[in-house]
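Trainee: Return atomic coordinates for the entry below.
(chains A, B and C)
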Amino acid sequence: MIPNDLLAMQSTKAMEYLIAVAFLLLFIPFWRFVNAKAVAERVVVSEVSRRLGRVLDWFLVPDQVYFHPGHAWARVGDGGLVTVGMDDFSQKLVGEVSAIRLPEVGARLGQGEKGWCLQSESKSIDMLSPVDGVVVAVNGQVVASPEKVNLDPYGDGWLLRVRAPRLAANLKQLLSGTLAKRWMEEVCENLRMMMDPDLGRVYQDGGLPIHGMARGLNPSRWDAVARTFFLT
Amino acid sequence: MNETVQRTVATRSWVTEELLMGLSPREYVRTLVTPWNIAAALVLLVGLPVIAYRFLYGLGAVTNLSQTNPWGLWIGLDVLCGVALAAGGYTLASSVYLFGLKEYYPLLRPAILTGFLGYFFVVVGLLVDLGQPWRIPYPVIYSYGVTSVMFLVAWHVFLYLTVQFLEFCPAILEWLGWRNIRRWVTRLTIGATVFGVILSTLHQSALGALFLMAPTRLHPLWYTPFIPIYFFISSIVAGLGMVIMESALSHKIFRDQIDPERHVELDAITLALGKAASVVLFTYLFLKLLGIADGGHWELLRTPFGHWFLVELLGFVLLPCFLFAHGVREKNVRLVRATAVLTVIGIIVNRLNVSIIAFNWDVPDRYVPSGMEVITSITIITLGILTFRWIVNRMPVLREHPEYRGVH
Amino acid sequence: MTVSRRGFLKIAGAAGTAGLVGRSKEARAAPPRRGSDETPAMLVDTTKCVGCRACEAACSEANRLPDPARAGEESLFAGKRTTDSRTYTVVNGYLSSGKDGTRPTFVKTQCMHCTQPACASACLVGALEKTPEGPVVYHADRCMGCRYCMVACPFGVPKFEYEKAVPYIQKCSFCIERLDQGKLPACAQVCPSGALQFGKRKELLEIAKSRIYQNPDRYVHHIYGEHEVGGTGWLYISQIPFEQLGFRADLGTRPYPEFTWPFLSAVPFVLMLWPPFLVGLYAFRKGKEETAQGTAGGEGVETRHE
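Mentor: Alright, predicted model coming up:
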């Protein structure tokens, strides 16, 4: 209703402009509030995050690292040498590794062929090699203390150094950067679908997946679960 | 001779396949016995006779309507809430076809079906409420009261039902296997969508504009020249909330029907819808404040009705706004779904406020719905849900028809 | 004769439009403009009404309605009656300590036959119509029973036949058939005290004003219905303030159709602005998509689906 005296009109209009301005001012912080990533999601990882990898959902996906769909990674070093290991997802999937059987120095590796073997609780799971080449070095420390793989999968937990003669061709088959992150997102989705039919029950809590997720999924046949992800 | 036999066999198998979902009649009847079905049957058992009674003996015999209170639960709930909650159809259609948000496509058909059935059962509710329901086509074919907002509403509902039906036709035609007609109809989709959005804007707001004619009857906190804008904006919220709710329920109840990829996409879509709902609610809140300022009745907030107004504003607008925002931030899909329920309840509260609760607020002869009115409303809603389920179980709504995969 | 499909559509379209135009022309003569003074109206001087209720009897007879309730009983005035689906007018009595002691004031209520009626503006099928002759009439052949007129009318005049299976709206018709025959409305015809005076609105206003001017102590200085809701066809003058006689004081002077006018005016604008906007949005987006697809080849953004 239009007020019938100027004074009331003035105060009404003033109030209306105030509300409109307040809305405009508050909208921007509100929009940022809605779009921000919540604290729980910013995962606090061990000192390994010095790799500057962006934390993607639950798993570290560092830059400058190339990933094989079987969850092995390769990092290009000096002199055509490639460092090879297993990624954060795989170590979390399998959980505590009791032993890793790595190939010997001088062994030949084929991209997409069996690279090494993990052992845990008397089950063994193969993983595929990310590159072609010849093994020039083996990480003795990991053989001695396999838990290094769980603690620092991209750093101290490296597995092999490989001379890769066909590196360029190999890298074309691997994922890195944004592609790798997107792939990891899909992997997360697949895992989430397997984790709970009532979609996302674990996910909603915002918690990190526990070690040995495969065991959480299927205690008796966790190795079969792991193999589906490792493509072996 | 052979051909007749063949055709009979073909028809019978179509009937078995498509109507009875591949079961023999006896098997089919057996599947009908579920707790929900029994409850629905009870509702219908009581409700349908009540509706018949209303038609035989008039509105006075069944309702608590009076000369002071001409509109009651059927208008407030079945018509106003029904139209608001069917808004998911146009909200999603415009998102997909006009704003190009193709990722919402999986939710589109169910939303359009909800929209179509929503409006259809609004008309059913109207048929029960009107004094002479057989005259319902009059504003379209007989006599035109062009100065009336109600006239606008009538035409819009009529046109919109047609448009919604056209938009849903591809699904029906896929079910019937009528390829050529289907191809022709899909060409109309964009036009139908644009038209549907226009119609929706207008009639969602027109339902609010109806109450502009009642300045002395509607409580000053709810009566403002901006009612049409409020109804339109809140219908967007209602649509988003309903889509979130309906998709969650459908994915649970009709799980076996849905393509696996769709399950995974739903969480992301739900969060995105929640974000949109949050922003719209935020805006709506400030628009409401503007309305209070414009009316200049701040002092009324201290009265009992003022408190109720604040409950509606803070509990059903501000609260869901922040719950949605929080849920989207935390990627908490469950919270977003729960908030959607809260939002839908809030829309119902608002519509009932405008039409029944804050309407005639200062009159001694206050309206309370009669038991038979409540039963009738429940019956109509139950019929709507049953129809939805019947269609979803048979037609490619939640899943793609195998022969038409990827055609869209 | 054979008509091609196109020919048929043309004919149908033309006929439909003609029907629309034609019907609206004959069914709805242009309503009189605001404050139209030549229309027939009624002046009710409550200081003259003795409460005999002859008007009620005459009204029921003229409209073939049941006899008025409890004719002849004084105690009737203890409660307040309203019109209903079988009573088009009632006379209520109000006790007040006026200048003449505790003499009751009697007020006849019925449809106010507003100059710009809310009900006629609200009716979606034009069942309620403001005629140029003055009365707001009801076309029973059009009414759907939606009861929006009841929501709209500020005086709560239209009454609904809730008790019937085929219900109609009932209200005073200002005896339009009698007016057509040059007669007075039934109530004015029988009023013995001259409380009801029929005439042209402008003249009645003059009469009312001069009555008030000449007897300033006898009347409240206000003609109820002169400006209320844009002016009504039934005008009231009284000794007692109108709020005490059951009249609403909060109705304002804005004609009710104006409340929805801004919204209805906006409708064609929305109807015309949305399509170019939405179609433009669609086209713009489609254009972007096509450009993006053209350059997408080199990106290789496809994710693996293993």
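Trainee: Can you name the residues that contact the residue in the stretch 151-300 of chain C that chain B sits nearest to?
Mentor: Closest to chain B within the stretch 151-300 of chain C is C:Tyr162: 3.1 Å, counting by C-beta to the nearest C-beta. For every residue, glycine as well, the C-beta is placed using N, CA and C. C:Tyr162 makes contact with B:58-60, B:63, B:65-66, C:85, according to C-beta atoms under 8 Å, 6 or more residues apart in numbering or on different chains.
Trainee: chain center to stretch B:11-18: distance?
Mentor: A distance of 31 Å separates the C-alpha centroid of stretch B:11-18 from that of its chain, computed with C-alpha atoms, centre = their mean, to the nearest Å.
Trainee: Tell me which residue of the stretch 251-400 of chain B lies closest to chain C.
Mentor: Per C-beta to the nearest C-beta, the residue of the stretch 251-400 of chain B with the smallest distance to chain C is B:Phe359, at 8.4 Å.
Trainee: Now do the helices in chain A.
Mentor: With helices called from DSSP state H, chain A shows them at A:6-35, A:88-94, A:140-144, A:147-151, A:167-172, A:177-195, A:201-204, A:213-217, A:222-230.
Trainee: Output those as CSV; include the columns distance to C:Lys80.
Mentor: What follows is those, written out as CSV (distance: least, C-beta to C-beta, whole Å):
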stretch, distance to C:Lys80
helix A:6-35, 35
helix A:88-94, 80
helix A:140-144, 97
helix A:147-151, 87
helix A:167-172, 92
helix A:177-195, 69
helix A:201-204, 62
helix A:213-217, 76
helix A:222-230, 81
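Trainee: low-confidence ranges in the stretch 201-350 of chain B?
Mentor: Low-confidence segments of the stretch 201-350 of chain B, defined by pLDDT under 70, are located at B:256-264.
Trainee: Also chain C?
Mentor: Across chain C, the stretches falling below the confidence threshold (pLDDT under 70) are C:1-36, C:71-76, C:97-102, C:292-306.
Trainee: where do the strands sit along it?
Mentor: Per DSSP state E, chain C carries strands over the ranges C:40-45, C:90-94, C:105-109, C:128-130, C:136-138, C:159-160, C:169-170, C:196-200, C:234-237.
Trainee: can you tell which of those is closest to B:Ser94?
Mentor: Closest to B:Ser94 of the strands of chain C, according to C-beta to C-beta: strand C:128-130, at 37.4 Å.
Trainee: about what we covered before: mind putting the strands of chain C in CSV, mean neighbour count and distance to B:Ser205 included?
Mentor: Below are those laid out as CSV (neighbours: other C-beta atoms under 10 Å in any protein chain shown; distance: least, C-beta to C-beta, whole Å):
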stretch, mean neighbour count, distance to B:Ser205
strand C:40-45, 24, 37
strand C:90-94, 20, 39
strand C:105-109, 23, 35
strand C:128-130, 25, 24
strand C:136-138, 24, 28
strand C:159-160, 22, 27
strand C:169-170, 22, 27
strand C:196-200, 18, 41
strand C:234-237, 24, 35
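Trainee: Just put those strands in TSV and tack on distance to B:Ser200.
Mentor: Listed next are those as TSV, based on distance: least, C-beta to C-beta, whole Å:
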stretch	distance to B:Ser200
strand C:40-45	44
strand C:90-94	45
strand C:105-109	42
strand C:128-130	29
strand C:136-138	33
strand C:159-160	31
strand C:169-170	31
strand C:196-200	48
strand C:234-237	42
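Trainee: and of the ones you listed, who's closest to B:Arg389?
Mentor: Scanning those with C-beta to C-beta as the criterion, the closest one proves to be strand C:159-160, at 36.9 Å.
Trainee: Could you list the residues in contact with that closest one?
Mentor: With contact meaning C-beta under 8 Å, 6+ apart, strand C:159-160 is reached by B:59, B:67, B:70, B:131, C:83-85, C:145, C:147, C:150, C:167-171.
Trainee: so which of the residues you listed comes closest to chain A?
Mentor: Set against chain A, the nearest of the contacts of strand C:159-160 by C-beta to the nearest C-beta is C:Met150 (23.0 Å).
Trainee: neighbours around the closest one, how many?
Mentor: Burial of C:Met150 is recorded as 23 neighbouring residues (other C-beta atoms under 10 Å in any protein chain shown).
Trainee: OK, contacts around it?
Mentor: Shown here is C:Met150, whose contacts under the criterion C-beta under 8 Å, 6+ apart are B:67, B:70, C:156, C:158-160, C:169.
Trainee: Spatially, which two of those residues are the most separated?
Mentor: Comparing every pair within the contacts of C:Met150 by C-beta to C-beta identifies C:Gly156 and C:Ile169 as the most remote, at 12.4 Å.
Trainee: For C:Thr82, give its distance to B:Ile112.
Mentor: According to C-beta to C-beta, to the nearest Å, C:Thr82 stands 47 Å off from B:Ile112.
Trainee: neighbour-wise, which of those two wins?
Mentor: B:Ile112 (30 against 14).
Trainee: Quick check: that one is in a helix.
Mentor: Yes: counting by DSSP: H, G, I helix; E, B strand; the rest coil, B:Ile112 falls inside a helix.
Trainee: need the contact list for the residue nearest to A:Asn150 when sequence neighbours are not counted.
Mentor: Using C-beta to C-beta, 6 or more residues apart in numbering or on different chains and skipping residues adjacent in sequence, the residue nearest A:Asn150 is A:Gln91, 5.1 Å away. The contact partners of A:Gln91, taken as C-beta under 8 Å, 6+ apart, are A:97, A:149-150, A:153, A:157.
Trainee: Nearest approach to C:Thr260 belongs to which of the strands of chain C?
Mentor: Of all these, strand C:128-130 comes closest under C-beta to C-beta, at 15.0 Å.
Trainee: end-to-end on stretch B:122-137?
Mentor: With C-alpha to C-alpha, to the nearest Å applied, stretch B:122-137 spans 15 Å between its terminal residues.
Trainee: any idea how far that stretch is from the chain center?
Mentor: Stretch B:122-137 has its C-alpha centroid displaced from the chain centroid by 18 Å (C-alpha atoms, centre = their mean).
Trainee: That stretch - what's its average pLDDT?
Mentor: The predicted model gives stretch B:122-137 an average pLDDT of 94.
Trainee: what residues does chain A put near chain C?
Mentor: Contact residues, chain A versus chain C (C-beta under 8 Å from any C-beta of the partner chain): A:69, A:175, A:179, A:182-183, A:186, A:231.
Trainee: what about burial for these, which qualify?
Mentor: Among the residues of chain A next to chain C, those that count as buried by neighbour count (16 or more other C-beta atoms under 10 Å in any protein chain shown) are A:69, A:175, A:179, A:182-183.
Trainee: Now pLDDT too, for those, in CSV please.
Mentor: As requested, those are arranged in CSV below (pLDDT from 0 to 100):
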residue, pLDDT
A:Pro69, 85
A:Leu175, 84
A:Leu179, 78
A:Arg182, 77
A:Trp183, 80
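Trainee: hmm, which two among those residues are most spread apart?
Mentor: With distance counted by C-beta to C-beta, no two of these lie farther apart than A:Pro69 and A:Arg182, which are 12.4 Å apart.
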